[in-house]
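Enquirer: Compute the structure for the input listed below.
(one chain, ligands or ions: 2)
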Amino acid sequence: MSASDKTPRTKELEFGGSLGALVLIFVLPGTVFYLLLTCNSDEASVLRLPGPVPSLESLWNPSALLILLSWVSLQALLYMLPMGKIVEGITLRDNTRLKYKINAFQAFLVTAIIAGVAVVLKLPFPYVYDHFLQFAVASALFSLGLSIFLYIKSLTAPESALAPGGNSGNPLYDFFIGHELNPRIGSFDLKYFCELRPGLIGWCLINFCFLMKEIELRGSPSLSMILVCGFQALYVMDALWHEEAILTTMDIVHDGFGFMLAFGDLCWVPFTYSLQAYFLVGHPQEQGMAAAVFFILINAVGYIIFRGSNSQKNAFRRNPSDPSVAGLETIPTATGKRLLVSGWWGLVRHPNYLGDLIMALAWSLPCGVSHILPYFYVTYFTALLVHREARDEHQCLKKYGLAWQEYCRRVPYRIFPYIY
Ligand SMILES: NC(=O)C1=CN([C@@H]2O[C@H](COP(=O)(O)OP(=O)(O)OC[C@H]3O[C@@H](n4cnc5c(N)ncnc54)[C@H](OP(=O)(O)O)[C@@H]3O)[C@@H](O)[C@H]2O)C=CC1
Ligand SMILES: CC(C)CCC[C@@H](C)[C@H]1CC=C2C3=C(CC[C@@]21C)[C@@]1(C)CC[C@H](O)C[C@@H]1CC3
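Expert: Ligands and ions are numbered 1, 2, ... in the order given. Next comes the predicted model:
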(Lines give C-alpha, C1' and ligand atoms only; values in the text may rest on other atoms or scores of the structure.)
(Ligands and ions follow the chains in the order given, each with its own letter.)
Protein backbone atom coordinates (compact mmCIF):
# COMPACT_ATOMS: atom_id res chain seq x y z
CA MET A 1 0.00 0.00 0.00
CA SER A 2 1.46 3.42 -0.93
CA ALA A 3 1.42 6.31 1.59
CA SER A 4 -1.27 8.13 -0.44
CA ASP A 5 -3.62 5.13 -0.09
CA LYS A 6 -3.67 5.58 3.69
CA THR A 7 -6.60 7.53 5.12
CA PRO A 8 -5.13 10.69 6.71
CA ARG A 9 -5.88 11.45 10.37
CA THR A 10 -9.14 13.42 10.85
CA LYS A 11 -8.00 16.83 12.15
CA GLU A 12 -11.21 18.82 12.21
CA LEU A 13 -13.59 17.13 14.65
CA GLU A 14 -17.32 17.77 14.16
CA PHE A 15 -20.28 17.64 16.59
CA GLY A 16 -18.17 19.19 19.38
CA GLY A 17 -15.41 16.55 19.22
CA SER A 18 -15.23 13.60 21.63
CA LEU A 19 -17.18 15.40 24.38
CA GLY A 20 -19.98 16.20 21.91
CA ALA A 21 -19.96 12.57 20.76
CA LEU A 22 -20.25 11.33 24.37
CA VAL A 23 -23.16 13.67 25.06
CA LEU A 24 -24.97 12.67 21.84
CA ILE A 25 -24.64 8.94 22.59
CA PHE A 26 -26.91 9.59 25.61
CA VAL A 27 -28.99 12.51 24.34
CA LEU A 28 -30.17 10.85 21.09
CA PRO A 29 -31.75 7.74 22.70
CA GLY A 30 -33.00 9.99 25.56
CA THR A 31 -34.77 12.20 23.02
CA VAL A 32 -36.48 9.22 21.36
CA PHE A 33 -37.87 8.02 24.73
CA TYR A 34 -38.86 11.49 25.85
CA LEU A 35 -40.79 12.04 22.59
CA LEU A 36 -42.54 8.66 22.72
CA LEU A 37 -43.44 8.98 26.41
CA THR A 38 -44.75 12.50 25.82
CA CYS A 39 -46.78 11.35 22.84
CA ASN A 40 -48.24 8.54 24.99
CA SER A 41 -49.49 10.97 27.63
CA ASP A 42 -52.97 12.57 27.41
CA GLU A 43 -51.62 16.13 27.26
CA ALA A 44 -48.75 15.36 24.84
CA SER A 45 -47.12 18.59 26.00
CA VAL A 46 -43.42 19.03 25.27
CA LEU A 47 -43.32 21.72 27.94
CA ARG A 48 -44.11 19.24 30.75
CA LEU A 49 -42.19 16.18 31.86
CA PRO A 50 -44.08 13.05 30.78
CA GLY A 51 -45.61 10.98 33.63
CA PRO A 52 -43.62 8.52 35.76
CA VAL A 53 -40.64 6.84 34.06
CA PRO A 54 -41.68 3.26 33.16
CA SER A 55 -39.94 0.44 35.01
CA LEU A 56 -37.10 -1.36 33.26
CA GLU A 57 -39.12 -4.62 33.13
CA SER A 58 -41.99 -2.89 31.32
CA LEU A 59 -39.58 -1.59 28.67
CA TRP A 60 -38.15 -5.00 27.88
CA ASN A 61 -40.11 -7.38 25.64
CA PRO A 62 -38.28 -10.35 24.06
CA SER A 63 -41.05 -10.67 21.44
CA ALA A 64 -40.37 -7.10 20.28
CA LEU A 65 -36.67 -7.94 19.85
CA LEU A 66 -37.54 -11.15 18.00
CA ILE A 67 -39.92 -9.32 15.63
CA LEU A 68 -37.27 -6.64 15.04
CA LEU A 69 -34.58 -9.24 14.27
CA SER A 70 -36.97 -11.04 11.89
CA TRP A 71 -37.68 -7.72 10.17
CA VAL A 72 -33.98 -6.91 9.66
CA SER A 73 -33.37 -10.51 8.47
CA LEU A 74 -36.23 -10.25 5.94
CA GLN A 75 -34.79 -7.03 4.53
CA ALA A 76 -31.28 -8.54 4.44
CA LEU A 77 -32.65 -11.52 2.54
CA LEU A 78 -34.44 -9.27 0.01
CA TYR A 79 -31.20 -7.26 -0.40
CA MET A 80 -29.26 -10.41 -1.18
CA LEU A 81 -31.77 -11.87 -3.65
CA PRO A 82 -30.50 -11.84 -7.23
CA MET A 83 -32.91 -9.11 -8.39
CA GLY A 84 -32.05 -5.58 -9.57
CA LYS A 85 -28.92 -4.22 -11.24
CA ILE A 86 -25.37 -3.85 -9.90
CA VAL A 87 -23.64 -0.44 -10.05
CA GLU A 88 -20.22 0.86 -9.03
CA GLY A 89 -19.70 3.44 -6.28
CA ILE A 90 -17.20 6.32 -6.38
CA THR A 91 -13.46 5.60 -6.73
CA LEU A 92 -11.89 4.85 -3.33
CA ARG A 93 -8.44 5.81 -1.98
CA ASP A 94 -6.91 2.56 -3.23
CA ASN A 95 -8.36 3.26 -6.71
CA THR A 96 -10.94 0.48 -6.45
CA ARG A 97 -14.70 0.89 -6.84
CA LEU A 98 -17.16 -1.15 -4.76
CA LYS A 99 -20.18 -2.80 -6.36
CA TYR A 100 -23.68 -2.12 -5.00
CA LYS A 101 -26.97 -3.93 -5.57
CA ILE A 102 -29.86 -1.64 -6.62
CA ASN A 103 -33.06 -3.38 -5.54
CA ALA A 104 -34.49 -1.36 -2.63
CA PHE A 105 -37.67 -0.46 -4.53
CA GLN A 106 -38.29 -4.12 -5.37
CA ALA A 107 -37.68 -4.95 -1.68
CA PHE A 108 -40.38 -2.39 -0.80
CA LEU A 109 -42.85 -3.96 -3.26
CA VAL A 110 -42.23 -7.48 -1.93
CA THR A 111 -42.64 -6.17 1.63
CA ALA A 112 -45.94 -4.48 0.64
CA ILE A 113 -47.21 -7.77 -0.81
CA ILE A 114 -46.23 -9.63 2.38
CA ALA A 115 -48.01 -6.95 4.45
CA GLY A 116 -51.10 -7.32 2.23
CA VAL A 117 -51.15 -11.07 2.83
CA ALA A 118 -50.74 -10.43 6.57
CA VAL A 119 -53.81 -8.13 6.50
CA VAL A 120 -55.85 -10.90 4.82
CA LEU A 121 -54.61 -13.33 7.47
CA LYS A 122 -55.69 -10.78 10.12
CA LEU A 123 -52.25 -10.52 11.75
CA PRO A 124 -52.42 -8.13 14.73
CA PHE A 125 -50.74 -4.98 13.27
CA PRO A 126 -51.95 -2.82 16.23
CA TYR A 127 -49.55 -4.83 18.45
CA VAL A 128 -46.78 -2.48 17.24
CA TYR A 129 -48.70 0.55 18.57
CA ASP A 130 -49.46 -1.14 21.88
CA HIS A 131 -45.77 -2.06 22.44
CA PHE A 132 -44.11 0.82 20.59
CA LEU A 133 -41.81 1.84 23.45
CA GLN A 134 -40.59 -1.75 23.78
CA PHE A 135 -39.85 -1.86 20.05
CA ALA A 136 -37.87 1.39 20.40
CA VAL A 137 -35.84 -0.09 23.28
CA ALA A 138 -35.14 -3.25 21.25
CA SER A 139 -34.07 -1.14 18.28
CA ALA A 140 -31.81 1.11 20.39
CA LEU A 141 -30.11 -1.95 21.90
CA PHE A 142 -29.73 -3.50 18.46
CA SER A 143 -28.10 -0.34 17.04
CA LEU A 144 -25.79 -0.09 20.06
CA GLY A 145 -24.75 -3.74 19.59
CA LEU A 146 -24.20 -3.15 15.88
CA SER A 147 -22.08 -0.02 16.56
CA ILE A 148 -19.87 -1.94 19.01
CA PHE A 149 -19.45 -4.74 16.45
CA LEU A 150 -18.60 -2.17 13.75
CA TYR A 151 -15.97 -0.47 15.91
CA ILE A 152 -14.29 -3.78 16.84
CA LYS A 153 -14.37 -4.83 13.18
CA SER A 154 -12.80 -1.52 12.11
CA LEU A 155 -9.74 -2.21 14.28
CA THR A 156 -8.73 -4.99 11.90
CA ALA A 157 -9.53 -3.01 8.71
CA PRO A 158 -6.67 -1.85 6.44
CA GLU A 159 -5.69 1.84 6.78
CA SER A 160 -7.05 2.63 3.32
CA ALA A 161 -10.52 1.39 4.36
CA LEU A 162 -10.94 3.92 7.19
CA ALA A 163 -13.36 6.86 6.92
CA PRO A 164 -11.84 10.30 6.20
CA GLY A 165 -14.28 11.75 8.77
CA GLY A 166 -13.85 9.07 11.47
CA ASN A 167 -10.10 8.53 11.79
CA SER A 168 -9.24 10.94 14.59
CA GLY A 169 -7.41 8.45 16.80
CA ASN A 170 -9.90 9.20 19.61
CA PRO A 171 -11.81 5.91 20.12
CA LEU A 172 -14.96 7.58 21.43
CA TYR A 173 -15.19 10.04 18.53
CA ASP A 174 -14.39 7.37 15.94
CA PHE A 175 -16.96 5.01 17.52
CA PHE A 176 -19.58 7.76 17.19
CA ILE A 177 -18.82 8.92 13.63
CA GLY A 178 -17.72 5.49 12.38
CA HIS A 179 -14.12 4.34 11.94
CA GLU A 180 -14.46 2.18 8.81
CA LEU A 181 -15.90 3.76 5.66
CA ASN A 182 -17.63 0.82 3.98
CA PRO A 183 -17.78 -2.12 6.41
CA ARG A 184 -18.75 -5.28 4.56
CA ILE A 185 -19.27 -8.94 5.36
CA GLY A 186 -18.36 -10.55 2.07
CA SER A 187 -20.25 -8.49 -0.50
CA PHE A 188 -22.91 -7.43 2.05
CA ASP A 189 -22.44 -3.68 2.59
CA LEU A 190 -23.68 -2.92 6.12
CA LYS A 191 -23.89 0.89 5.84
CA TYR A 192 -25.54 0.92 2.42
CA PHE A 193 -28.04 -1.72 3.57
CA CYS A 194 -28.97 0.15 6.77
CA GLU A 195 -29.21 3.59 5.15
CA LEU A 196 -32.40 2.85 3.20
CA ARG A 197 -33.97 -0.50 3.97
CA PRO A 198 -34.82 -1.62 7.55
CA GLY A 199 -35.34 1.94 8.83
CA LEU A 200 -37.04 3.69 5.91
CA ILE A 201 -39.25 0.75 4.85
CA GLY A 202 -39.79 0.08 8.57
CA TRP A 203 -41.01 3.69 9.02
CA CYS A 204 -43.73 3.05 6.37
CA LEU A 205 -44.72 -0.24 7.99
CA ILE A 206 -44.93 1.40 11.43
CA ASN A 207 -47.20 4.11 9.97
CA PHE A 208 -49.36 1.36 8.51
CA CYS A 209 -49.58 -0.35 11.92
CA PHE A 210 -50.80 2.96 13.41
CA LEU A 211 -53.40 3.28 10.67
CA MET A 212 -54.61 -0.25 11.50
CA LYS A 213 -54.75 0.76 15.18
CA GLU A 214 -57.01 3.68 14.25
CA ILE A 215 -59.28 1.25 12.37
CA GLU A 216 -59.36 -1.00 15.45
CA LEU A 217 -60.27 1.96 17.70
CA ARG A 218 -62.61 3.96 15.48
CA GLY A 219 -63.68 1.69 12.63
CA SER A 220 -61.91 3.64 9.86
CA PRO A 221 -58.72 5.67 9.38
CA SER A 222 -58.94 9.46 9.76
CA LEU A 223 -58.25 11.84 6.87
CA SER A 224 -55.25 13.21 8.81
CA MET A 225 -53.79 9.69 9.17
CA ILE A 226 -54.32 8.97 5.46
CA LEU A 227 -52.56 12.22 4.53
CA VAL A 228 -49.58 11.66 6.87
CA CYS A 229 -49.13 8.02 5.79
CA GLY A 230 -49.59 8.93 2.10
CA PHE A 231 -47.10 11.84 2.14
CA GLN A 232 -44.46 9.84 4.01
CA ALA A 233 -44.93 6.72 1.84
CA LEU A 234 -44.36 8.89 -1.26
CA TYR A 235 -41.14 10.23 0.30
CA VAL A 236 -39.85 6.76 1.17
CA MET A 237 -40.75 5.28 -2.23
CA ASP A 238 -38.99 8.22 -3.92
CA ALA A 239 -35.80 7.54 -1.91
CA LEU A 240 -35.92 3.82 -2.75
CA TRP A 241 -36.62 4.50 -6.43
CA HIS A 242 -33.56 6.80 -6.55
CA GLU A 243 -31.42 4.44 -4.46
CA GLU A 244 -28.36 4.95 -6.68
CA ALA A 245 -28.25 8.65 -5.71
CA ILE A 246 -27.23 7.86 -2.12
CA LEU A 247 -23.90 6.46 -3.37
CA THR A 248 -22.61 10.04 -3.72
CA THR A 249 -23.98 11.42 -0.41
CA MET A 250 -21.56 12.41 2.35
CA ASP A 251 -22.87 9.56 4.51
CA ILE A 252 -21.57 6.99 2.02
CA VAL A 253 -18.52 8.90 0.70
CA HIS A 254 -17.16 10.64 3.81
CA ASP A 255 -18.67 9.42 7.11
CA GLY A 256 -17.88 5.98 8.43
CA PHE A 257 -20.47 3.59 9.78
CA GLY A 258 -20.63 4.05 13.53
CA PHE A 259 -23.12 4.85 16.28
CA MET A 260 -24.43 8.03 14.60
CA LEU A 261 -25.63 6.36 11.42
CA ALA A 262 -26.48 2.96 12.95
CA PHE A 263 -28.68 4.58 15.60
CA GLY A 264 -29.91 7.20 13.10
CA ASP A 265 -30.93 4.65 10.47
CA LEU A 266 -32.34 1.94 12.74
CA CYS A 267 -33.85 3.78 15.70
CA TRP A 268 -34.05 7.52 15.11
CA VAL A 269 -35.67 7.36 11.65
CA PRO A 270 -38.38 4.71 12.30
CA PHE A 271 -39.23 5.84 15.85
CA THR A 272 -39.18 9.64 15.53
CA TYR A 273 -40.12 10.13 11.86
CA SER A 274 -43.36 8.21 12.58
CA LEU A 275 -44.27 10.54 15.47
CA GLN A 276 -47.10 12.30 13.61
CA ALA A 277 -48.95 9.02 12.94
CA TYR A 278 -48.26 7.87 16.54
CA PHE A 279 -49.67 11.16 17.80
CA LEU A 280 -52.82 10.88 15.67
CA VAL A 281 -53.83 7.51 17.18
CA GLY A 282 -53.97 8.94 20.73
CA HIS A 283 -54.97 12.51 19.79
CA PRO A 284 -57.43 12.36 16.87
CA GLN A 285 -57.72 15.51 14.74
CA GLU A 286 -60.62 16.54 12.49
CA GLN A 287 -59.57 18.02 9.12
CA GLY A 288 -61.93 19.10 6.35
CA MET A 289 -61.53 18.53 2.62
CA ALA A 290 -60.42 22.13 1.93
CA ALA A 291 -57.62 21.83 4.50
CA ALA A 292 -56.62 18.46 3.06
CA VAL A 293 -56.33 19.95 -0.46
CA PHE A 294 -54.21 22.78 0.97
CA PHE A 295 -51.83 20.28 2.69
CA ILE A 296 -51.61 18.22 -0.52
CA LEU A 297 -50.66 21.39 -2.43
CA ILE A 298 -47.91 22.26 0.08
CA ASN A 299 -46.55 18.72 -0.11
CA ALA A 300 -46.68 18.84 -3.92
CA VAL A 301 -44.76 22.17 -4.04
CA GLY A 302 -42.12 20.74 -1.68
CA TYR A 303 -41.86 17.53 -3.66
CA ILE A 304 -41.50 19.36 -7.01
CA ILE A 305 -38.62 21.48 -5.64
CA PHE A 306 -37.01 18.48 -3.85
CA ARG A 307 -37.25 16.04 -6.76
CA GLY A 308 -36.64 18.65 -9.49
CA SER A 309 -33.41 19.88 -7.89
CA ASN A 310 -32.08 16.44 -6.94
CA SER A 311 -32.79 15.07 -10.43
CA GLN A 312 -31.27 18.15 -12.09
CA LYS A 313 -28.01 17.74 -10.17
CA ASN A 314 -27.92 13.97 -10.66
CA ALA A 315 -28.53 14.30 -14.42
CA PHE A 316 -25.83 17.00 -14.65
CA ARG A 317 -23.26 14.98 -12.68
CA ARG A 318 -23.98 11.84 -14.73
CA ASN A 319 -23.83 13.60 -18.11
CA PRO A 320 -23.41 17.41 -18.39
CA SER A 321 -24.59 17.31 -22.03
CA ASP A 322 -27.88 15.61 -21.10
CA PRO A 323 -30.56 17.62 -23.01
CA SER A 324 -32.47 18.31 -19.75
CA VAL A 325 -29.50 20.25 -18.28
CA ALA A 326 -27.38 21.19 -21.31
CA GLY A 327 -28.92 24.71 -21.50
CA LEU A 328 -28.15 25.60 -17.87
CA GLU A 329 -25.48 28.13 -16.94
CA THR A 330 -22.44 26.66 -15.15
CA ILE A 331 -19.07 27.76 -13.76
CA PRO A 332 -15.87 25.73 -14.21
CA THR A 333 -13.78 24.50 -11.24
CA ALA A 334 -10.10 23.50 -11.06
CA THR A 335 -11.12 19.84 -10.57
CA GLY A 336 -12.63 19.68 -14.08
CA LYS A 337 -16.17 19.39 -12.68
CA ARG A 338 -18.56 22.34 -13.22
CA LEU A 339 -21.11 23.89 -10.84
CA LEU A 340 -24.67 24.72 -11.87
CA VAL A 341 -25.55 28.39 -11.31
CA SER A 342 -28.96 28.49 -12.95
CA GLY A 343 -32.09 26.33 -12.78
CA TRP A 344 -32.91 25.09 -9.26
CA TRP A 345 -29.26 25.46 -8.17
CA GLY A 346 -29.37 29.16 -9.11
CA LEU A 347 -32.29 29.80 -6.72
CA VAL A 348 -30.43 28.87 -3.51
CA ARG A 349 -27.34 26.74 -2.87
CA HIS A 350 -29.42 23.87 -1.46
CA PRO A 351 -32.81 23.86 -3.21
CA ASN A 352 -33.23 20.15 -2.37
CA TYR A 353 -33.16 20.99 1.36
CA LEU A 354 -35.75 23.74 0.80
CA GLY A 355 -38.14 21.27 -0.87
CA ASP A 356 -37.52 18.67 1.83
CA LEU A 357 -38.36 21.21 4.56
CA ILE A 358 -41.58 22.32 2.83
CA MET A 359 -42.66 18.66 2.71
CA ALA A 360 -41.75 18.25 6.39
CA LEU A 361 -44.17 21.08 7.22
CA ALA A 362 -46.92 19.44 5.14
CA TRP A 363 -46.51 16.25 7.20
CA SER A 364 -47.17 18.09 10.48
CA LEU A 365 -50.09 20.28 9.44
CA PRO A 366 -52.67 17.41 9.34
CA CYS A 367 -51.99 17.02 13.09
CA GLY A 368 -53.53 20.45 13.74
CA VAL A 369 -52.05 23.36 15.63
CA SER A 370 -53.11 22.48 19.19
CA HIS A 371 -49.82 20.65 19.97
CA ILE A 372 -46.13 21.37 19.32
CA LEU A 373 -45.13 17.69 19.40
CA PRO A 374 -46.09 16.77 15.79
CA TYR A 375 -43.91 19.71 14.68
CA PHE A 376 -40.83 18.04 16.18
CA TYR A 377 -39.79 16.58 12.81
CA VAL A 378 -39.81 19.88 10.91
CA THR A 379 -37.96 21.62 13.79
CA TYR A 380 -35.28 18.95 14.17
CA PHE A 381 -34.97 18.62 10.40
CA THR A 382 -34.33 22.37 9.98
CA ALA A 383 -31.48 22.09 12.51
CA LEU A 384 -30.13 18.92 10.81
CA LEU A 385 -30.19 20.45 7.33
CA VAL A 386 -28.70 23.79 8.45
CA HIS A 387 -25.85 21.83 10.07
CA ARG A 388 -25.55 19.49 7.06
CA GLU A 389 -25.48 22.46 4.70
CA ALA A 390 -22.59 23.97 6.69
CA ARG A 391 -20.69 20.63 6.57
CA ASP A 392 -21.26 20.32 2.81
CA GLU A 393 -20.29 23.98 2.23
CA HIS A 394 -17.03 23.37 4.12
CA GLN A 395 -16.23 20.30 1.97
CA CYS A 396 -17.12 22.14 -1.25
CA LEU A 397 -14.93 25.11 -0.35
CA LYS A 398 -12.01 22.71 0.23
CA LYS A 399 -12.77 20.89 -3.05
CA TYR A 400 -13.52 23.83 -5.37
CA GLY A 401 -11.81 26.85 -3.68
CA LEU A 402 -12.25 30.05 -5.73
CA ALA A 403 -14.96 28.53 -7.95
CA TRP A 404 -17.06 27.82 -4.84
CA GLN A 405 -16.55 31.41 -3.64
CA GLU A 406 -17.73 32.62 -7.05
CA TYR A 407 -20.80 30.34 -6.75
CA CYS A 408 -21.57 31.81 -3.31
CA ARG A 409 -21.29 35.32 -4.77
CA ARG A 410 -23.65 34.46 -7.66
CA VAL A 411 -26.12 32.53 -5.45
CA PRO A 412 -25.94 34.24 -2.04
CA TYR A 413 -28.68 32.32 -0.15
CA ARG A 414 -28.06 28.85 1.26
CA ILE A 415 -31.54 27.30 1.77
CA PHE A 416 -34.31 29.91 2.09
CA PRO A 417 -34.41 32.60 -0.66
CA TYR A 418 -33.82 36.11 0.76
CA ILE A 419 -33.75 34.74 4.33
CA TYR A 420 -30.83 32.35 4.84
N1 LIG B 1 -34.99 13.00 5.60
C2 LIG B 1 -33.78 13.06 6.10
O3 LIG B 1 -33.55 12.74 7.26
C4 LIG B 1 -32.65 13.54 5.26
C5 LIG B 1 -32.85 13.88 3.94
N6 LIG B 1 -31.81 14.34 3.17
C7 LIG B 1 -32.08 14.65 1.76
O8 LIG B 1 -31.25 13.86 0.97
C9 LIG B 1 -30.93 14.55 -0.25
C10 LIG B 1 -29.42 14.49 -0.49
O11 LIG B 1 -28.78 15.43 0.37
P12 LIG B 1 -27.23 15.46 0.74
O13 LIG B 1 -26.74 14.07 0.85
O14 LIG B 1 -27.05 16.33 1.93
O15 LIG B 1 -26.47 16.10 -0.46
P16 LIG B 1 -26.81 16.99 -1.75
O17 LIG B 1 -27.66 16.19 -2.67
O18 LIG B 1 -27.30 18.34 -1.37
O19 LIG B 1 -25.38 17.08 -2.41
C20 LIG B 1 -24.40 18.07 -2.10
C21 LIG B 1 -23.34 17.95 -3.18
O22 LIG B 1 -23.88 18.39 -4.42
C23 LIG B 1 -22.85 18.93 -5.24
N24 LIG B 1 -23.24 20.30 -5.56
C25 LIG B 1 -23.49 21.32 -4.69
N26 LIG B 1 -23.83 22.43 -5.37
C27 LIG B 1 -23.81 22.11 -6.67
C28 LIG B 1 -24.05 22.86 -7.87
N29 LIG B 1 -24.38 24.14 -7.84
N30 LIG B 1 -23.91 22.23 -9.07
C31 LIG B 1 -23.57 20.92 -9.11
N32 LIG B 1 -23.31 20.17 -8.02
C33 LIG B 1 -23.43 20.76 -6.81
C34 LIG B 1 -21.58 18.87 -4.41
O35 LIG B 1 -20.93 17.62 -4.65
P36 LIG B 1 -20.06 17.29 -6.00
O37 LIG B 1 -19.69 18.61 -6.59
O38 LIG B 1 -18.92 16.50 -5.50
O39 LIG B 1 -20.97 16.51 -6.90
C40 LIG B 1 -22.12 18.82 -2.99
O41 LIG B 1 -21.20 18.21 -2.11
C42 LIG B 1 -31.47 15.97 -0.09
O43 LIG B 1 -32.66 16.11 -0.82
C44 LIG B 1 -31.75 16.10 1.39
O45 LIG B 1 -32.81 16.99 1.62
C46 LIG B 1 -30.56 14.47 3.70
C47 LIG B 1 -30.33 14.16 5.01
C48 LIG B 1 -31.33 13.67 5.90
C1 LIG C 1 -29.19 10.52 14.78
C2 LIG C 1 -28.81 11.86 14.28
C3 LIG C 1 -29.76 12.92 14.70
C4 LIG C 1 -28.52 11.95 12.83
C5 LIG C 1 -29.07 10.85 12.01
C6 LIG C 1 -28.98 11.18 10.59
C7 LIG C 1 -29.71 10.17 9.73
C8 LIG C 1 -31.10 9.94 10.30
C9 LIG C 1 -29.79 10.75 8.32
C10 LIG C 1 -28.39 11.02 7.73
C11 LIG C 1 -28.64 11.08 6.28
C12 LIG C 1 -29.82 10.48 6.00
C13 LIG C 1 -30.45 10.41 4.72
C14 LIG C 1 -31.74 9.95 4.60
C15 LIG C 1 -32.48 9.47 5.81
C16 LIG C 1 -31.93 10.02 7.11
C17 LIG C 1 -30.44 9.88 7.22
C18 LIG C 1 -30.05 8.42 7.32
C19 LIG C 1 -32.41 9.78 3.25
C20 LIG C 1 -32.29 8.32 2.89
C21 LIG C 1 -33.90 10.19 3.32
C22 LIG C 1 -34.58 10.12 1.95
C23 LIG C 1 -33.85 11.01 0.95
O24 LIG C 1 -34.47 10.92 -0.31
C25 LIG C 1 -32.39 10.58 0.84
C26 LIG C 1 -31.75 10.71 2.22
C27 LIG C 1 -30.23 10.48 2.19
C28 LIG C 1 -29.65 10.90 3.53
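Enquirer: Count the neighbours of I90 for me.
Expert: Using other Cβ atoms under 10 Å, I90 is surrounded by 10 other residues. (Glycine included, C-beta is placed from N, CA and C.)
Enquirer: Could you pull up the residues touching P284?
Expert: Counting by Cβ atoms under 8 Å, 6 or more residues apart in numbering, P284 makes contact with 214, 218, 222, 224.
Enquirer: Quick check: residues of this structure near ligand 1?
Expert: 249-250, 306, 310, 313, 316-317, 337, 339-340, 345, 350, 352-353, 356, 388, 392, 395-396, 407 (Cβ under 6 Å from any ligand atom).
Enquirer: Could you tell me which of those residues are located in helices?
Expert: 250, 306, 310, 313, 316-317, 352-353, 356, 388, 392, 395-396, 407 (DSSP state H).
Enquirer: which of those residues are buried?
Expert: 306, 310, 313, 316, 352-353, 356, 388, 392, 395-396, 407 (16 or more other Cβ atoms under 10 Å).
Enquirer: Switch the residues you listed over to JSON lines; also include pLDDT.
Expert: Formatted as JSON lines, these follow (pLDDT from 0 to 100):
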{"residue": "F306", "pLDDT": "96"}
{"residue": "N310", "pLDDT": "92"}
{"residue": "K313", "pLDDT": "91"}
{"residue": "F316", "pLDDT": "89"}
{"residue": "N352", "pLDDT": "96"}
{"residue": "Y353", "pLDDT": "97"}
{"residue": "D356", "pLDDT": "97"}
{"residue": "R388", "pLDDT": "92"}
{"residue": "D392", "pLDDT": "90"}
{"residue": "Q395", "pLDDT": "88"}
{"residue": "C396", "pLDDT": "93"}
{"residue": "Y407", "pLDDT": "95"}
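Enquirer: Which residue is it, in the stretch 101-250 of the chain, that comes closest to ligand 2?
Expert: Closest to ligand 2 within the stretch 101-250 of the chain is A239: 3.5 Å, counting by Cβ to the nearest ligand atom.
Enquirer: residue ranges with poor pLDDT in the chain?
Expert: Filtered on pLDDT under 70, the chain yields the residue ranges 1-5.
Enquirer: Break it down into its structural domains.
Expert: Split into domains by automatic domain parsing, the chain comes to 15-285, 287-420.
Enquirer: next one: the first one to chain centre, how far?
Expert: Going back to what we said before, that points to domain 15-285. Distance of domain 15-285 from its chain centroid, counting by Cα atoms, centre = their mean, to the nearest Å, is 8 Å.
Enquirer: Skipping its backbone neighbours, what lies nearest the residue of the stretch 1-150 of the chain found nearest ligand 1 in space?
Expert: Closest approach between the stretch 1-150 of the chain and ligand 1, counting by Cβ to the nearest ligand atom: I90, at 9.0 Å. Nearest residue to I90 in three dimensions, chain neighbours excluded: V253, at 5.9 Å (Cβ to Cβ, 6 or more residues apart in numbering).
Enquirer: Now do the helices for the stretch 101-250 of the chain: every range, in order, please.
Expert: 104-120, 127-130, 132-154, 171-177, 190-196, 202-218, 223-241, 250-253 (DSSP state H, counting those that start in this stretch).
Enquirer: what about whichever residue of the stretch 151-300 of the chain sits closest to ligand 2, how many neighbours?
Expert: Using Cβ to the nearest ligand atom, the closest approach of the stretch 151-300 of the chain to ligand 2 is made by G264 at 2.7 Å. Neighbours of G264 under the rule other Cβ under 10 Å: 18.
Enquirer: For the stretch 101-250 of the chain, which residues are neighbours of ligand 2?
Expert: Checking the stretch 101-250 of the chain against ligand 2 by Cβ under 6 Å from any ligand atom, the hits are 195-196, 239, 246, 249.
Enquirer: again, 8 Å this time
Expert: 195-196, 199-200, 235-236, 238-239, 242, 245-246, 249 (Cβ under 8 Å from any ligand atom).
Enquirer: Filter those residues down to the buried ones and express that as a ChimeraX selection.
Expert: If you want just the buried ones from those in ChimeraX, going by 16+ other Cβ under 10 Å, the selection is:
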select :195,196,199,200,235,236,239,242,246
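Enquirer: coming back round to it: how about the residue of the stretch 151-300 of the chain closest to ligand 2, phi and psi?
Expert: Main-chain torsions, G264, degrees, to the nearest 10: phi -60, psi -50.
Enquirer: Save the buried ones among the ones in helices among the residues of the chain next to ligand 1 as TSV, and put in distance to ligand 2 too.
Expert: As requested, those are exported to TSV (distance: Cβ to the nearest ligand atom, whole Å):
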residue	distance to ligand 2
F306	8
N310	7
K313	13
F316	18
N352	9
Y353	11
D356	8
R388	8
D392	12
Q395	15
C396	17
Y407	22
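Enquirer: Secondary structure element holding the residue of the stretch 301-420 of the chain found nearest ligand 2?
Expert: The stretch 301-420 of the chain approaches ligand 2 most closely through L384 (6.3 Å), counting by Cβ to the nearest ligand atom. Of the helices and strands defined by DSSP states H and E, L384 is found in helix 376-400.
Enquirer: how big is the angle separating that helix from helix 223-241?
Expert: Here helix 376-400 points in a direction 20 degrees away from that of helix 223-241 (axes from the mean of the first three to the mean of the last three Cα atoms, to 10 degrees).
Enquirer: Please report the distance of R414 from E159.
Expert: 35 Å (Cβ to Cβ, to the nearest Å).
Enquirer: With T38 instead?
Expert: T38 is 45 Å from E159, by Cβ to Cβ.
Enquirer: quick one, which of those two is more surrounded?
Expert: Neighbours of T38 and E159, each counted by other Cβ under 10 Å, are more numerous for T38; the result is 23 against 14.
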